[in-house]
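Asker: Need coordinates for the below:
(2 chains)
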Number of protein chains: 2
Amino acid sequence: MTKKYQIVGVGNALVDVLAHCDDSFLTDMGIDKGVMQLIDTDRAAELYGKMGPAQEVSGGSAANTIAGVAALGGRTGFIAKVRDDQLGGIFAHDIKAQGTDFSTRQALHDYPNETGRCLILVTPDGERSMNTYLGVSSELTANDLDIGMLARTEWIYLEGYLFDSPDNQLAFYKAAEATKPAGGKVSLTLSDPFCVGRHRDAFRAFVKDHVDLLFCNEHEMQALYQTDTLDAAMDIAASEVEIVACTAGEDGAYILNGGNKTHAPANATKVIDATGAGDMFAAGFLHGLTNGRDLQVCGTMGCVAAAEAISHMGARPATDLKKLFSENNLS
Amino acid sequence: MTKKYQIVGVGNALVDVLAHCDDSFLTDMGIDKGVMQLIDTDRAAELYGKMGPAQEVSGGSAANTIAGVAALGGRTGFIAKVRDDQLGGIFAHDIKAQGTDFSTRQALHDYPNETGRCLILVTPDGERSMNTYLGVSSELTANDLDIGMLARTEWIYLEGYLFDSPDNQLAFYKAAEATKPAGGKVSLTLSDPFCVGRHRDAFRAFVKDHVDLLFCNEHEMQALYQTDTLDAAMDIAASEVEIVACTAGEDGAYILNGGNKTHAPANATKVIDATGAGDMFAAGFLHGLTNGRDLQVCGTMGCVAAAEAISHMGARPATDLKKLFSENNLS
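Answerer: Model prediction:
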C-alpha cells in the first residue's frame, strides 16, 4: 500500500538571516569560517547589530531538504518547533507553501524563547559561516512528535544538529520507534563535524542501531569514526549502514551500498553562497530513492540539486527544480 | 558649511515579502499586474496564505532609495514608522546597517497594527505586482518628524505613496517647512500613477509650491498633468519644478532643467525582478546631484543603479554599488 508520505523530516525550524561580509569581519567578530557555531541571545543581538543589511529566507538543515523534496513533487511532512511570532509565521508559511505538511504545536507568545534563526555571513568566496541562535527550536521533545505522521512515511529524515539537545536525542529514538514497526526506514544527516565530535558516542550508537541511510561529508565521516583515512571510515560505515551517501565538495559524492561503491561527479557552477549544498544534495538523493532510481542516479540527482543551491543566496531552491531535473534528463 | 546629511528620506517602512508566481495566480487572486495595490489585514492574510515560499528583504520605496544613496557613500537619514515587532527590527537593522541614521519613535507592542509589509509577486517576465499592507507605517504624523535632522540636510526625499494618508500629507508640509528655511531643498517621487490619480490636486499643489526636484515615470507624469502627450506634461513640469527626472523604462530617462532637456540611455540587463528600479534610479541620480555632477551624469548614474536593482530579486542593492559605479567610470 502506498504510504501517505515519502519523507518526513525532524529538525530545527530556523529563519536564515543572510548578509555579505569580508573575511576581516569574521576575524574581528571571532567567527570560525565555514562552520556552524551555536550562539546565545546576547551574542545573537551583538552580531546582528554589527552585520550588514540582510535578507531573510526560511532555513534549517532538514527543513531545507524537505522543501527541496517537496519542490520536486515529493509527499512530505515536517516536525519542528517554532513560536507564534512573526519569524515563526514566516517559517511555517514557507514550508507549507512548498506543499509540506507542518503542524507541530507552536510555543505560545508568553514563552521566553523566540523562533530560532541562523545568522549567516557569506564571504566573497561564497563560503558561509553560520551562527545559530536555536531559540525555541531546541526544545522539541518526544511529546511534540506526530506519531501518526511518522507511521505513515516511507522514510524519516533526521537532522544531526539536534544531537546537541538531550530532549531532541530522545525524540529521535521515539521517532525511529514510531517509523520502523510500520515499515518505514530511517535516514540521518551528520550535519557538522564539530557536532559529531561533541556527541560521538550518541551518534555512533544511533547510527549502528537505527540508521538505514546515512548522509555526511568527508569531514563528518572522519569525525564519526576517527580513522586515519577516509577509506577506512567508509569501510566501517558501509558495514553498519545499508546506504551511505558521502559528499566530497568539488569531487561530487560517493555512494556505498554493502560492498558496492559508486561515484557521482559534482556539477560545475559558480559558488555564490554555499549555504544548503548538503541539504539539497540530500533532497535530490531522496527524490531519486523514493522514486525507485538506482543509487548512481540518486547521487547525480543530489549533485544537480546541490549545484542549484550554491548558485544563489539562501539554501532553499530559487529556481524550478523539476524543470532543472528535466533539463538534466533526470526524472 | 557642510550639512550633516546629504539626503533625508520620509517614506513608508515596509518589509518586502517576495515570491515567484505564474500569471494565472495573479488572475485567480484578482491582482492587477505591475502596479501597487493597498490591502487590509484580512486580504494580506489570505494572499500570504496562498503565495508560494517567499524571501524577506527590507523595502519601502524611499527607504530603498536612501539605502542606495548610503551604499554609494552618501550621508543619509530616514524617517518612517515601524512597530517593536520582529519585522520592525529587521527594517531598522537593515537601514541602519547600511549607514543611515534612523531613529523615528517606534509604535509599542500593545499597538494594534504591525510593521507594514509588501507582498510582491514576481512573474516569469520579471514584472512585480505589489500588494501593500501599510500597517503602522501609514500612521506617521508630523509629530514623528525629527525637525533637527530635516534642518541639517541638503535635500529631503519624499515618497509619493504617503499621499494616501492625510496625516502623512501634513507631515510632508511640515517636513518641507523644516528643511527649506535652513537652506535645504525638496525632492519628491510620484511613486505610482494610481496614487497620483487618487490625490491629483494635493500632488499638484505640493509640487508647484514646494518641490525642487521631481522624480517620476512617464505614466505618473501623465497622470499628474492629464495632458494628451507626454511632451505637453513635461512642459508643464519643467515650468513648475527646477529639475524633473522622468524615467521611461527601456528608453532610459529624460532630465528637464528649465529649457534644457537631456537623455540618459537605459543599461541593458536581464530583468529578474523589476522591484525597485525607480527607487534605485533616484538613488543614483541623487548621489550624482549631491556630489556636484552635471544632470547628464546624474541620469546615467540613475540608470546604472536601476539596472542593478532589476537584475536580482529584491529592491535593495545586492552588489557593491560603489564598485559598480567605478566599473562604469562613474564616481
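Asker: Which helix in chain A has the most residues?
Answerer: helix A:295-310 (DSSP state H).
Asker: can you give me the helices in the stretch 201-331 of chain A?
Answerer: A:218-225, A:230-240, A:277-290, A:295-310, A:321-327 (DSSP state H, counting those that start in this stretch).
Asker: and these, which is most packed in?
Answerer: Comparing those by mean neighbour count (mean count of other CB atoms under 10 Å in any protein chain shown), helix A:277-290 ranks first with a mean of 28. Heads up, the C-betas are built off the backbone N, CA and C, glycines and all.
Asker: With distance to chain B added, can I get the helices of the stretch 201-331 of chain A in JSON lines?
Answerer: Formatted as JSON lines, the helices of the stretch 201-331 of chain A follow (distance: least, CB to the nearest CB, whole Å):
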{"stretch": "helix A:218-225", "distance to chain B": "28"}
{"stretch": "helix A:230-240", "distance to chain B": "34"}
{"stretch": "helix A:277-290", "distance to chain B": "14"}
{"stretch": "helix A:295-310", "distance to chain B": "14"}
{"stretch": "helix A:321-327", "distance to chain B": "11"}
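Asker: Just put those in a markdown table and tack on distance to B:Ala253.
Answerer: Shown next, in a markdown table, are the helices of the stretch 201-331 of chain A (distance: least, CB to CB, whole Å):
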| stretch | distance to B:Ala253 |
| --- | --- |
| helix A:218-225 | 52 |
| helix A:230-240 | 58 |
| helix A:277-290 | 41 |
| helix A:295-310 | 36 |
| helix A:321-327 | 36 |
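Asker: looking at the ones you listed, which is closest to A:Ala107?
Answerer: Smallest distance to A:Ala107 across the helices of the stretch 201-331 of chain A (CB to CB): 24.2 Å, for helix A:277-290.
Asker: Report the buried residues of stretch A:175-185.
Answerer: A:Ala175, A:Ala176, A:Ala178, A:Thr179, A:Lys180, A:Gly184, A:Lys185 (16 or more other CB atoms under 10 Å in any protein chain shown).
Asker: what residues does the stretch 101-250 of chain A put near chain B?
Answerer: Contact residues (CB under 8 Å from any CB of the partner chain) of the stretch 101-250 of chain A with chain B: A:Glu114.
Asker: in the stretch 151-300 of chain A, what residue is nearest chain B?
Answerer: Going by CB to the nearest CB, chain B is nearest to A:Ile272 of the stretch 151-300 of chain A, at 10.2 Å.
Asker: and if you look at the stretch 101-250 of chain A?
Answerer: Counting by CB to the nearest CB, the stretch 101-250 of chain A gets nearest chain B through A:Glu114, at 7.6 Å.
Asker: Farthest from the middle of chain A: give me that residue.
Answerer: A:Asp110 (29.4 Å; CA atoms, centre = their mean).
Asker: Tell me, how many residues neighbour the residue nearest to A:Leu170 when sequence neighbours are not counted?
Answerer: Nearest-residue entry for A:Leu170: A:Ala142, 5.2 Å, with adjacent residues in sequence omitted and distances by CB to CB, 6 or more residues apart in numbering or on different chains. For A:Ala142, the neighbour count with other CB atoms under 10 Å in any protein chain shown is 17.
Asker: what's the answer for A:Gly59, then?
Answerer: So A:Gly59, with other CB under 10 Å, has 29 neighbours.
Asker: what does the model give it for pLDDT?
Answerer: A:Gly59 carries a pLDDT score of 97 in this model.
Asker: Could you give the backbone dihedrals for it?
Answerer: When quoted as degrees, to the nearest 10, the phi and psi of A:Gly59 stand at phi -140, psi -140.
Asker: quick one: it and A:Val15 touch, right?
Answerer: Yes - in this structure, A:Gly59 is within contact of A:Val15 by CB atoms under 8 Å, at 6.3 Å.
Asker: Overlap of the contact sets of the two?
Answerer: A:Cys118 (CB atoms under 8 Å, 6 or more residues apart in numbering or on different chains).
Asker: Touching stretch A:96-103 from outside, list them.
Answerer: Applying CB under 8 Å, 6+ apart, the set of residues contacting stretch A:96-103 is A:5, A:66-67, A:70-71, A:76-80, A:92, A:95, A:146, A:149, A:316, B:19, B:51-54.
Asker: If you could redo that for stretch A:190-210, that was the one I meant.
Answerer: Stretch A:190-210 has contacts (CB under 8 Å, 6+ apart) with A:35-36, A:61, A:159-161, A:163-164, A:169, A:172-173, A:176, A:180, A:186, A:188, A:214-217, A:219-224, A:226, A:237, A:240-241.
Asker: likewise stretch A:320-331?
Answerer: Here stretch A:320-331 has contacts from A:68, A:71-73, A:284, A:287-288, A:297, A:300-301, A:304-305, A:308, using CB under 8 Å, 6+ apart.
Asker: swap the cut-off to 10 Å and go again
Answerer: A:67-73, A:267, A:280, A:283-284, A:287-288, A:291, A:293, A:297-298, A:300-301, A:303-305, A:307-309, A:317, B:20, B:124 (CB atoms under 10 Å, 6 or more residues apart in numbering or on different chains).
Asker: ok now that stretch, how far from the chain's centre?
Answerer: Chain-centre distance of stretch A:320-331: 22 Å, with CA atoms, centre = their mean, to the nearest Å.
Asker: Could you do stretch A:288-306 as well?
Answerer: So, by CA atoms, centre = their mean, the centroid of stretch A:288-306 is 16 Å from its chain's centroid.
Asker: Please apply the same query to stretch A:280-294.
Answerer: Using CA atoms, centre = their mean, the offset of stretch A:280-294 from its chain centre is 14 Å.
Asker: repeat for stretch A:112-123
Answerer: In terms of CA atoms, centre = their mean, the centre of stretch A:112-123 is set 15 Å apart from its chain centre.
Asker: got the buried residues for that stretch?
Answerer: Across stretch A:112-123, burial judged by 16+ other CB under 10 Å covers A:Asn113, A:Glu114, A:Thr115, A:Gly116, A:Arg117, A:Cys118, A:Leu119, A:Ile120, A:Leu121, A:Val122, A:Thr123.
Asker: And stretch A:43-58, by the same measure?
Answerer: In stretch A:43-58, counting by 16+ other CB under 10 Å, buried: A:Arg43, A:Ala44, A:Leu47, A:Tyr48, A:Met51, A:Gly52, A:Pro53, A:Ala54, A:Gln55, A:Glu56, A:Val57, A:Ser58.
Asker: and it with chain B, contact?
Answerer: Yes - using CB under 10 Å from any CB of the partner chain, we find that stretch A:43-58 touches chain B at A:Ala45, A:Tyr48, A:Gly49, A:Lys50, A:Met51, A:Gly52, A:Pro53, A:Ala54, A:Gln55, A:Glu56, A:Val57, A:Ser58.
Asker: For that stretch, measure first residue to last.
Answerer: Stretch A:43-58 has an end-to-end distance of 21 Å (CA to CA, to the nearest Å).
Asker: With stretch A:141-154 instead?
Answerer: First-to-last residue span, stretch A:141-154, CA to CA: 22 Å.
Asker: Quick one: mean pLDDT for that stretch?
Answerer: Mean pLDDT, computed over stretch A:141-154, is 97.
Asker: Pull the distance from that stretch to the chain's centre.
Answerer: So, by CA atoms, centre = their mean, the centroid of stretch A:141-154 is 18 Å from its chain's centroid.
Asker: cool, stretch A:136-154 as well?
Answerer: Using CA atoms, centre = their mean, the offset of stretch A:136-154 from its chain centre is 16 Å.
Asker: What residues sit buried inside it?
Answerer: Result for stretch A:136-154 [16+ other CB under 10 Å]: buried residues A:136-140, A:142, A:144-146, A:149-154.
Asker: for that stretch, how far is the first residue from the last?
Answerer: Stretch A:136-154 end-to-end distance (CA to CA) = 28 Å.
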